[in-house]
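A.B. asks: for reference, the sequence and a predicted model appear below.
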Protein chains: 4
Amino acid sequence: MLFVFIYCGGKIVNMKKILSLAILSLLFAFMPQKKIKIIFFGDSITQAGAQPGGFITRIDSMCKIEGLSANYDFAGAGISGNKVYDLYLRMDTDVLMKNPDVVIIYIGVNDVWHKVSSGTGTDPDKFERFYNAIIKKLKDRNIKIILCTSAVIGEKTDFTNQQDGDMNQYSNIIRDIAAKNNLPLVDLRKAFLEYDLKNNPDNKDRGILTTDRVHLNARGNQLVADEMWKAIKGL
Amino acid sequence: MLFVFIYCGGKIVNMKKILSLAILSLLFAFMPQKKIKIIFFGDSITQAGAQPGGFITRIDSMCKIEGLSANYDFAGAGISGNKVYDLYLRMDTDVLMKNPDVVIIYIGVNDVWHKVSSGTGTDPDKFERFYNAIIKKLKDRNIKIILCTSAVIGEKTDFTNQQDGDMNQYSNIIRDIAAKNNLPLVDLRKAFLEYDLKNNPDNKDRGILTTDRVHLNARGNQLVADEMWKAIKGL
Amino acid sequence: MLFVFIYCGGKIVNMKKILSLAILSLLFAFMPQKKIKIIFFGDSITQAGAQPGGFITRIDSMCKIEGLSANYDFAGAGISGNKVYDLYLRMDTDVLMKNPDVVIIYIGVNDVWHKVSSGTGTDPDKFERFYNAIIKKLKDRNIKIILCTSAVIGEKTDFTNQQDGDMNQYSNIIRDIAAKNNLPLVDLRKAFLEYDLKNNPDNKDRGILTTDRVHLNARGNQLVADEMWKAIKGL
Amino acid sequence: MLFVFIYCGGKIVNMKKILSLAILSLLFAFMPQKKIKIIFFGDSITQAGAQPGGFITRIDSMCKIEGLSANYDFAGAGISGNKVYDLYLRMDTDVLMKNPDVVIIYIGVNDVWHKVSSGTGTDPDKFERFYNAIIKKLKDRNIKIILCTSAVIGEKTDFTNQQDGDMNQYSNIIRDIAAKNNLPLVDLRKAFLEYDLKNNPDNKDRGILTTDRVHLNARGNQLVADEMWKAIKGL
């Protein structure tokens, strides 16, 4: 066995120790680093978000382009037709058991929409109660949370979309929950209204950011991706 | 018989003619003048408007105070729960047979409200069709028409009343009909929103101009009376 | 001039008279006879009824096969989405101006259905009022009327179709109007329920007489055609 | 020490043993016996059931009269406006933490009713899913369960109550859950229909077993008490 002593600035350094540290560093660099696991928890909009062209797929692409793909792991947990209480019912199996670091909650459009389309919307007080119950379960496990307001049911910009009043009310509920819990908020309703005010001069009810007044087209998916990606990097 | 000739500014005036005219004028002043008959055609808000404290009663009082009661005859034709098609169905017996000179149409709140409260509101295209059918029947008889937008379902000023979107849409339909037919419009929705923005700092849903989000309190009746009375005198 | 007397069973018959009658009969057979004009007045089901395979087309075919096409003239006046008040609004132009002898009213499914699908159904008291207003206008012109109950919204036979209660109530309203006015009734709801009880052992909600719980397939159109054709011939 | 041997029917019995058993029995009789704790879990009907005259109060009285009050402990857990998902949300705090032996689930009327009254009913598939989730949580803790069908929204007996179709469908869902899980069922809908068929000859929509088509009058509370008490004793 060879011992090398180097005299370095008045200090005798054990070369063996240095080598060990160097090898360890090298090993660590090649070891798979723990990624931040992010689950997108929502309805059909989130379900479509995980498809090609969807906002989750776009966030993943943006992440790769920015060389950050080593840091993040994205997973969609959206199911068509879901309302806030459906998220609560399935959050154990679909979210908690997957041990996410971050959950992005994007829910509410069906809670309002189904009032009119099938008589099965959600009362505002119950919307708030279930939303808070979801927040509580995530906070109890120290999971980081990002909230989103629901974007639109109709893109008309003169405040004549049938359910604009309710959409504003339910968005306010989400904004209040975010403020009270000191949670980051992606205010999609605000972002969509601002975009539509600039880009919908003909006051159309669809076709700017949505295909059918509710579900996102390419531009809509990109807008959601941009807003969410900002919020994720800001955590 | 005496003939008096007066020389007046180079003209000889026949005094007999002057006297005749004077007497005629005198007679005319004491003769019962034809009053302008005004029918208020609407729903429960108009029905209550004919009660003590209601807006029709208030218009009648204002009319008397201004010494114009000889000119106008006011009659209420409001029935609780009425929508636009109910007005169309009963307009022959309740309006046309009473030979009004002016009809003030104040309808629409139930067409929106009942969508949510009993599933029996009116689709916007049909609202417009029946409204136009009423206008046509009145115009065919040379009856003057004043239109009103529906005021409010909820007085919150942050655009979160559940049916604000629909209320705006149906108000726009009425505004368009007024414009296309060149008819005077009492824009109650606009007037109520402006009043609430100034006088509802706590964002309450009732109690400023309404008792129950829809039906008028004393201030609400006075505001409607003021706006309508202006429109009536402006005919 | 030749007179031929034929001794026939103790009676002398004037041959000239016989010839005259024969010629008259011949002329009459070739003369255009006044046809009975029948208008089918309703919604999308009636609109589809005038298409190939629809119940009006089938009635027309049955009429020809039975050699009665000289007697009847059939015309559809169905418009998609119509409720009872829509019929009332358009009956002058679409029915009365066409001078029908008979009007078959087949309305009501949207008055119930739209309560759930868009919040714009018709309250039962108003359904009855508009129905009676239509009847009155037709009776005033001595037009014969055949009423029909609305068939189904869902074909399940265990009384679990969502709107069965309302369908029964509105059918009862129509049955009462028929009874009070002594008018023939084609009780389609009864006929459909009986058919489904026999032919829908799997309790399906569609596919027996309808394509989509409401609109008629070939069997449904034939059933309606059979029932109506009986009622028409029974006038 | 005294040993007494008694010859009894060919058997020698140890008197000491008998005395010990007698004393134990005596002790046991005075010892507080573990009562069966029964929680009634539901909506406003159950909330009122715990009031004087309510069905829970009546069951408690019947229990005392039958000398069984030592065996049972009854507690109401009804909250006005509750639907199936509200029960799920609050079952940990309001039911499980109270360690019941038996839970009687009586829910569903608002899940149907609110479709029409406020557009916030529950879709049938989600009704079933939440109902099953409640059952699972109770079974996991070996809590006995009694299910109830929802009674009525309207007492008319000719199948014309507006929501009869839905009431039948949701009752079938509950019946199926009971059958699949081999759970006792109190079929209130069946019991109410049978009672009304006998006692509502005028086809009234309320006043036989309910005050307002939904909430129970004295007779209604007694009927529910009778049916539930039978099921409780049958456990």
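C.D. replies: Received, thanks.

A.B. asks: which non-adjacent residue is nearest A:Ser80?
C.D. replies: In space, and not counting its chain neighbours, A:Ser80 is closest to A:Ser44: 3.8 Å by C-beta to C-beta, 6 or more residues apart in numbering or on different chains. Every C-beta, even on glycine, is put in place using the N, C-alpha and C of the backbone.

A.B. asks: tell me how many other residues crowd the one you found.
C.D. replies: Number of residues near A:Ser44 (other C-beta atoms under 10 Å in any protein chain shown) recorded here: 16.

A.B. asks: hmm, it is touching A:Leu216, no?
C.D. replies: No: counting by C-beta atoms under 8 Å, A:Ser44 sits too far from A:Leu216 to count as a contact (10.0 Å).

A.B. asks: near chain D, which residues of chain A? Just list them.
C.D. replies: Neighbours of chain D within chain A, by C-beta under 8 Å from any C-beta of the partner chain: A:85-86, A:88-89, A:114-116, A:118-123, A:126, A:129-130, A:133.

A.B. asks: give me the nearest residue to A:Asp60, chain neighbours excluded.
C.D. replies: A:Phe74 (5.3 Å).

A.B. asks: would the one you found count as being in a strand?
C.D. replies: Yes: assessed by DSSP: H, G, I helix; E, B strand; the rest coil, A:Phe74 belongs to a strand.

A.B. asks: check contacts around it.
C.D. replies: A:Ile38, A:Phe40, A:Ile56, A:Ile59, A:Asp60, A:Cys63 (C-beta atoms under 8 Å, 6 or more residues apart in numbering or on different chains).

A.B. asks: please tell me the pLDDT value assigned to it.
C.D. replies: Reported pLDDT at A:Phe74 in the predicted model: 98.

A.B. asks: ok, now A:Lys34?
C.D. replies: For A:Lys34, pLDDT reads 88.

A.B. asks: burial count for it?
C.D. replies: Number of residues near A:Lys34 (other C-beta under 10 Å) recorded here: 9.

A.B. asks: where does chain A come near chain C, residue by residue?
C.D. replies: For chain A, the contact set with chain C under C-beta under 8 Å from any C-beta comprises A:Val116, A:Ser117, A:Ser118, A:Gly119.

A.B. asks: what parts of chain A come near chain B?
C.D. replies: When proximity is defined by C-beta under 8 Å from any C-beta, chain A lies next to chain B at A:115-116, A:119, A:154, A:158-169, A:172.

A.B. asks: could you give me the PyMOL selection string for whichever of the contacts of A:Phe74 are buried?
C.D. replies: In PyMOL, this line selects whichever of those come out buried by 16 or more other C-beta atoms under 10 Å in any protein chain shown:
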select buried, chain A and resi 38+40+56+59+60+63
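
A.B. asks: just give me the closest of the contacts of A:Phe74 to chain B.
C.D. replies: Among those, A:Phe40 lies closest to chain B (C-beta to the nearest C-beta), at 26.9 Å.

A.B. asks: related to what we said a few turns ago, which strand residues bridge the residue nearest to A:Asp60?
C.D. replies: Beta-bridge partners for A:Phe74, by DSSP bridges, are A:Ile38.

A.B. asks: where does pLDDT dip in chain A?
C.D. replies: For chain A, applying pLDDT under 70 flags the ranges A:1-33.

A.B. asks: quick one, helices of it?
C.D. replies: A:15-30, A:44-49, A:55-65, A:84-94, A:109-117, A:124-140, A:164-181, A:188-199, A:218-233 (DSSP state H).

A.B. asks: could you dump the third one to PDB, C-alpha only?
C.D. replies: Extracted as PDB, the C-alpha positions of helix A:55-65 are listed here (Å, rounded to 0.1, in the frame of the first residue of the first chain):
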ATOM      1  CA  PHE A  55     -50.800  21.200 -21.600                       C
ATOM      2  CA  ILE A  56     -49.000  18.500 -19.600                       C
ATOM      3  CA  THR A  57     -47.200  17.200 -22.600                       C
ATOM      4  CA  ARG A  58     -46.300  20.800 -23.500                       C
ATOM      5  CA  ILE A  59     -45.000  21.500 -20.000                       C
ATOM      6  CA  ASP A  60     -42.900  18.300 -20.300                       C
ATOM      7  CA  SER A  61     -41.500  19.600 -23.700                       C
ATOM      8  CA  MET A  62     -40.700  23.000 -22.300                       C
ATOM      9  CA  CYS A  63     -39.000  21.400 -19.400                       C
ATOM     10  CA  LYS A  64     -36.800  19.400 -21.700                       C
ATOM     11  CA  ILE A  65     -35.900  22.400 -23.900                       C
END
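
A.B. asks: got the angle for it vs helix A:218-233?
C.D. replies: In terms of direction (axes from the mean of the first three to the mean of the last three C-alpha atoms, to 10 degrees), helix A:55-65 departs from helix A:218-233 by 60 degrees.

A.B. asks: list the helices and strands helix A:55-65 packs on?
C.D. replies: Here helix A:55-65 touches helix A:44-49, strand A:72-78, helix A:218-233, going by 3 or more C-beta pairs under 8 Å, 6 or more residues apart in numbering or on different chains; DSSP states H and E.

A.B. asks: show me what that helix is in contact with.
C.D. replies: Under C-beta under 8 Å, 6+ apart, the answer for helix A:55-65 is A:40, A:46, A:49-51, A:69, A:71-72, A:74, A:76, A:216, A:221-222, A:224-225, A:228-229, A:232.
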